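1. Quick one, what's the 3D model for this:
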Amino acid sequence: MMKHNLGRILIYSILILWAFISLFPIYWTFSTSFKTAVNVTQGHLLPWLDFRPDWKGWRSLGLSPDTIFETSTVREEFLKRFANSLIASIGGSLLAVAIGSLAAYGLSRFEYKFAIWRNKDISFFFLSQLILPPVVLAMPFLVLYKELALLDSRVGLILIYALTVLPIVIWIMRDQFDTIPIELEQAAMVDGCSIWGAFLRIVLPIALPGMVAAFILSVILCWNEYFFAALLTSTTAKTLPVMVASQTGSQGIAWWSMAALSTAAIAPLILIGVFLEKYIVKGLTAGAVK
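-> Next up is the predicted model:
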């Protein structure tokens with residue numbers, strides 16, 4: 001019994017330590033948004049003990065209680081960038097789930113042969129695209145987007161975001177479709193359904209938890225994407241990560257403003273994790289990821 005209790009104490013101690021390490025950057029960012037320059041440089045951590053909280057960071061964005069109802073160009077800029085991130089993330093994720101689900105269904109239900117490649121090789125090829133450094137694609141996409149007039153546009157961001165998360169969606173949905181017995185579709189086709197009818201009426205409702213999990217993960221990845229947003233946008237379609245990275249001036253980095261902006265940027269992801277956790281877990285445990 002003593003060994004069992006010591007083992008549990010050790011496990012919980014490790015989990016608490018790991019939770020502290022994981023959550024400390026979020027706490028540091030949130031607390032820094034209420035610091036002044038002196039408190040930031042001196043590394044004060046505990047509010048009301050090490051420093052007195054101040055609205056300086058939020059005031060610089062027009063989001064403090066005393067400026068929220070006043071006209072603020074910085075706040076308008078923030079809301080515009082927030083809308084760009086929201087539209088690009090959701091649009092790219094929806095497009096990736098729509099295309100990726102069809103591709104995953106084909107890889108799960110049909111046998112393909114291309115030279116020496118088979119289904120598993122094609123699936124691995126899609127996943128291997130994540131290994132490719134984004135900087136390698138910088139020049140081709142700049143030239144392509146310039147020719148297609150997609151630079152600094154939301155449509156361009158939606159397309160590139162869908163392309164970046166498409167391998168993950170295909171991999172998740174292929175495993176999801178593999179867990180669905182093919183006999184269900186065969187029975188539906190015996191009753192008169194076409195392949196599309198069986199896919200839309202039988203397979204998709206069963207695979208919905210996996211699609212929701214793939215969509216949520218895609219939104220998170222698209223929301224945090226920085227490289228292509230900085231490369232392919234300048235003014236109109238700039239996103240929140242680019243705005244966060246631009247909080248520098250002639251006198252250095254405005255850490256309080258950057259922290260306030262970062263807190264506002266990660267708040268939607270925290271809400272997704274809190275309120276949509278059951279959908280993510282349900283999708284993963286239903287066979288979405290092995």
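
2. number of nearby residues for Ala188?
-> 18 (other CB atoms under 10 Å). Any C-beta I mention is one placed from the backbone N, CA and C, and that applies to glycine too.

3. That one - nearest residue in space that isn't next to it in sequence?
-> Excluding the flanking residues, the one nearest Ala188 by CB to CB, 6 or more residues apart in numbering is Ala198, at 4.1 Å.

4. Who are the contact partners of the one you found?
-> Residues in contact with Ala198, defined by CB atoms under 8 Å, 6 or more residues apart in numbering, are Leu184, Glu185, Ala188, Met189.

5. Just these: which are in helices?
-> Leu184, Glu185, Ala188, Met189 (DSSP state H).

6. Model confidence score at the first one, please.
-> Translated: Leu184. Here, the pLDDT recorded for Leu184 equals 88.

7. so where does the residue nearest to Ala188 fall, helix or strand?
-> helix 195-198 (DSSP states H and E).

8. Check Ser128 too.
-> helix 119-128.

9. in that helix, what's buried?
-> For helix 119-128, burial by neighbour count (16 or more other CB atoms under 10 Å) applies to Asn119, Ile122, Ser123, Phe126.

10. thinking the third one is in contact with Gly106, fair?
-> No: judged on CB atoms under 8 Å, Ser123 makes no contact with Gly106 at a distance of 10.7 Å.

11. how far does the helix holding Ser128 sit from the chain's center?
-> 22 Å (CA atoms, centre = their mean, to the nearest Å).

12. got the contact list for the helix or strand just after it?
-> Where DSSP H and E defines the elements, the next helix or strand beyond helix 119-128 is helix 138-147. By CB under 8 Å, 6+ apart, the surrounding residues in contact with helix 138-147 are Leu150, Leu151, Gly156, Ile160, Phe228, Leu231, Leu232.

13. any idea of the mean pLDDT in the helix or strand that comes right after helix 138-147?
-> With elements assigned by DSSP H and E, the helix or strand that comes after helix 138-147 is helix 154-178. With pLDDT averaged residue by residue, helix 154-178 scores 91.

14. ok, Tyr226 - how many residues close by?
-> When neighbours are defined as other CB under 10 Å, Tyr226 has 14 of them.

15. hang on, the earlier thing: any buried residues in the helix holding Ala198, and which?
-> Neighbour-count burial for helix 195-198 flags Ala198 (criterion: 16+ other CB under 10 Å).

16. any idea of the mean pLDDT in the next helix or strand after that helix?
-> Note on helix 195-198: by DSSP H and E, the next helix or strand toward the C-terminus is helix 204-224. Averaged across helix 204-224, the pLDDT comes to 89.

17. Who are the contact partners of Ile280?
-> Val212, Ala213, Ile216, Leu217.

18. Could you check how far Val219 is from Ala213?
-> 11 Å (CB to CB, to the nearest Å).

19. buried ones in the helix or strand containing Trp18?
-> According to DSSP H and E, Trp18 maps onto helix 2-32. Going by neighbour count (16+ other CB under 10 Å), the buried part of helix 2-32 is Thr29, Ser31, Thr32.

20. Grab the most central residue of the chain for me.
-> Nearest to the geometric centre of the chain sits Ile220, at 1.4 Å (CA atoms, centre = their mean).

21. Wait, that residue touches Ile272, no?
-> Yes: assessed by CB under 8 Å, Ile220 is found in contact with Ile272 at 6.8 Å.

22. between the two, what contacts are shared?
-> By CB under 8 Å, 6+ apart, no residue touches both Ile220 and Ile272.

23. Using CSV, write out every CA atom in the helix or strand just after the helix holding Trp18.
-> Once helix 2-32 ends, the next helix or strand along the chain (criterion: DSSP H and E) is helix 37-42. Output of helix 37-42 as CSV, limited to C-alpha atoms (Å, rounded to 0.1, in the frame of the first residue of the first chain):
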residue,chain,number,x,y,z
ALA,A,37,8.0,48.9,-18.6
VAL,A,38,9.7,48.8,-15.2
ASN,A,39,7.9,45.7,-14.1
VAL,A,40,8.6,43.9,-17.4
THR,A,41,12.4,44.6,-17.3
GLN,A,42,12.7,43.6,-13.6
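
24. packing partners for helix 37-42?
-> helix 255-275 (3 or more CB pairs under 8 Å, 6 or more residues apart in numbering; DSSP states H and E).

25. since we're on the nearest residue to Thr73 once chain neighbours are set aside, how many residues are nearby?
-> Excluding the flanking residues, the one nearest Thr73 by CB to CB, 6+ apart is Gly62, at 7.9 Å. Using other CB under 10 Å, Gly62 has 19 other residues around it.
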